[in-house]
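Undergrad: need coordinates for the below:
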Amino acid sequence: MPALVLIAAPAGAQPRLRAETLSAYEKKGYVLDRRLETAAWPELFEEALTPSLFVPRRIFEVDDGRSLGVLPDKYKKYVERGDADVIFLIHSDKSLQKELGDVFETAFSVPYETAPYWPSQRVGWLQRIARASGCTLDAAAAALLAEWIEDEEELRSEVDKLAKAAPNKRITVQQVNSLSMDEGGKGVLNLLDAVAKADVAAAVKNLAILREEGELIPALAAVHKRVRGAMFAARLGDAGAGAVHLTNFQTKTARAMAQTYGPELLSLWLGELIRLSWSERSGEGEGWEGLEKLLLAVMSRAAG
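TA: So this is what the prediction gives:
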């Protein structure tokens with residue numbers, strides 16, 4: 001008799017959850033018998049109800065759980081709870097509760113926690129992941145990771161890598177800078193610092209480095225994020241920074257930029273960054289030269 005194990009998560013999280021789930025069942029003596037891209041319930045149950053002489057505990061995996069369709073009533077009586085002799089490991093991007101009906105309560109749903117959207121909330125989320133790996137992640141280090149990396153699975157991977165390399169099981173800002181940032185990443189952070197201070201010479205220097213080491217779209221996105229936070233802070237004060245859930249470091253930087261540039265200039269700057277990003281994504285932009293001209297124009301107005 002089979003038991004159902006469900007992995008309902010975005011595509012980016014599926015490989016990690018699959019690896020963790022298979023590893024857990026392999027430790028219990030299960031063997032992956034077949035992996036199917038699509039399947040139908042009749043063929044799965046035919047396989048499951050046919051005893052195996054050589055492999056007592058088997059896993060049948062279906063990558064596209066929605067291809068199975070609605071579970072027919074005649075098969076529901078065969079579904080077990082817990083560690084049955086046969087496991088149907090079924091993947092989907094969303095819950096299959098509608099397709100499974102009342103059997104959904106019998107199935108085991110692999111836990112999946114999505115990352116919080118707001119940067120300030122991601123700090124605590126990252127620290128919880130680090131603690132689960134037996135490590136302490138400093139708040140400043142978590143804030144740096146949250147600012148630099150958007151992708152949830154990449155964040156998890158970075159924390160795992162840092163946890164394995166961290167001496168004394170503590171991850172600091174220095175370790176994030178040395179282990180998680182390539183030259184392009186460091187160049188973007190240095191550019192952001194220069195922009196925050198309206199330091200034209202430093203901005204030009206780091207833009208030159210980024211032309212060789214970095215990618216334009218991520219750099220544009222990073223500048224947009226800083227300017228957006230500063231615009232909210234300039235318009236609404238601390239309430240504005242809180243509205244977009246900035247981290248403590250981002251709030252401090254936003255306040256400084258609000259004083260340096262002012263609300264009107266920041267609003268114009270934000271609009272131009274959106275236009276520039278759209279142009280680049282549609283193939284009609286000016287490349288690094290377009291970003292350099294915009295930054296120099298804005299910083300020159302602030303300095304003048």
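Undergrad: can you point out the buried residues in stretch 139-159?
TA: Neighbour-count burial for stretch 139-159, counted by 16 or more other C-beta atoms under 10 Å, picks out 140-149, 152-153, 155-156, 158-159. Using the backbone N, CA and C atoms, a C-beta is placed for each residue, glycine as well.
Undergrad: oh, that last question was meant for stretch 266-285, not what I typed.
TA: Using 16+ other C-beta under 10 Å, the residues of stretch 266-285 that count as buried are 266, 269-270, 272-273, 276-277, 280, 285.
Undergrad: now stretch 246-258
TA: Within stretch 246-258, the residues that qualify as buried are 246-247, 249-251, 253-255, 257-258, counting by 16+ other C-beta under 10 Å.
Undergrad: about what we covered before: is it possible to export the buried residues of stretch 266-285 to a markdown table including secondary structure?
TA: A markdown table is the format used below for the buried residues of stretch 266-285 (DSSP: H, G, I helix; E, B strand; the rest coil):
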| residue | secondary structure |
| --- | --- |
| Leu266 | helix |
| Trp269 | helix |
| Leu270 | helix |
| Glu272 | helix |
| Leu273 | helix |
| Leu276 | helix |
| Ser277 | helix |
| Glu280 | helix |
| Gly285 | coil |
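Undergrad: please, where are all the strands along the protein?
TA: With DSSP state E, the ranges of strands along the chain come out as 2-8, 31-36, 58-62, 86-92, 108-109, 136-137, 170-171.
Undergrad: the last one - contacts with which helices or strands?
TA: Under the contact definition 3 or more C-beta pairs under 8 Å, 6 or more residues apart in numbering; DSSP states H and E, strand 170-171 sits against strand 136-137, helix 152-165.
Undergrad: contacts for that strand next, please.
TA: Residues from elsewhere that reach strand 170-171 (C-beta atoms under 8 Å, 6 or more residues apart in numbering): 130, 135-138, 141, 159, 162-163.
Undergrad: ok, and the most crowded of the residues you listed?
TA: With neighbours defined as other C-beta atoms under 10 Å, the most crowded of these is Val159; it has 28 neighbours.
Undergrad: how close does that residue get to His245?
TA: Between Val159 and His245 the computed distance is 20 Å (C-beta to C-beta, to the nearest Å).
Undergrad: likewise Leu210?
TA: When distances are taken as C-beta to C-beta, Leu210 and His245 turn out to be 27 Å apart.
Undergrad: care to break the chain down by domain?
TA: According to automatic domain parsing, the chain comprises the domains 2-109, 119-179, 183-303.
Undergrad: now tabulate those domains in CSV and tack on mean pLDDT.
TA: Output for the domains of the chain, formatted as CSV (pLDDT from 0 to 100):
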stretch, mean pLDDT
domain 2-109, 92
domain 119-179, 88
domain 183-303, 88
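Undergrad: do I have it right that Leu4 meets Ser92?
TA: No. Counting by C-beta atoms under 8 Å, Ser92 is not a contact partner of Leu4; they are 11.6 Å apart.
Undergrad: OK, contacts around the residue lying closest to Leu144 once chain neighbours are set aside?
TA: Counting by C-beta to C-beta, 6 or more residues apart in numbering, Leu144 lies nearest to Val176, which is 5.2 Å off, once chain neighbours are set aside. By C-beta under 8 Å, 6+ apart, the residues touching Val176 are 141, 144-145, 162.
Undergrad: from those residues, which two are the most distant?
TA: In terms of C-beta to C-beta, the contacts of Val176 reach their longest pairwise distance at Leu144 and Leu162, which sit 11.1 Å apart.
Undergrad: now for Ile217: which residues touch it?
TA: Listed by C-beta under 8 Å, 6+ apart, the contact partners of Ile217 are 277, 280-281.
Undergrad: which of Leu4 and Ser92 has more neighbours?
TA: More neighbours sit around Leu4 than around the other of Leu4 and Ser92, counting by other C-beta under 10 Å; the figures are 22 against 19.
Undergrad: tally of neighbours for Leu82?
TA: I think there's a mix-up here, since residue 82 is Gly and not Leu. Burial of Gly82 is recorded as 7 neighbouring residues (other C-beta under 10 Å).
Undergrad: list the beta-bridge partners for the nearest residue to it once chain neighbours are set aside.
TA: Closest residue in space to Gly82, ignoring its immediate chain neighbours: Ala3 at 6.2 Å, by C-beta to C-beta, 6+ apart. The residues listed as beta-bridge partners of Ala3 by DSSP bridges are Glu80, Ile87.
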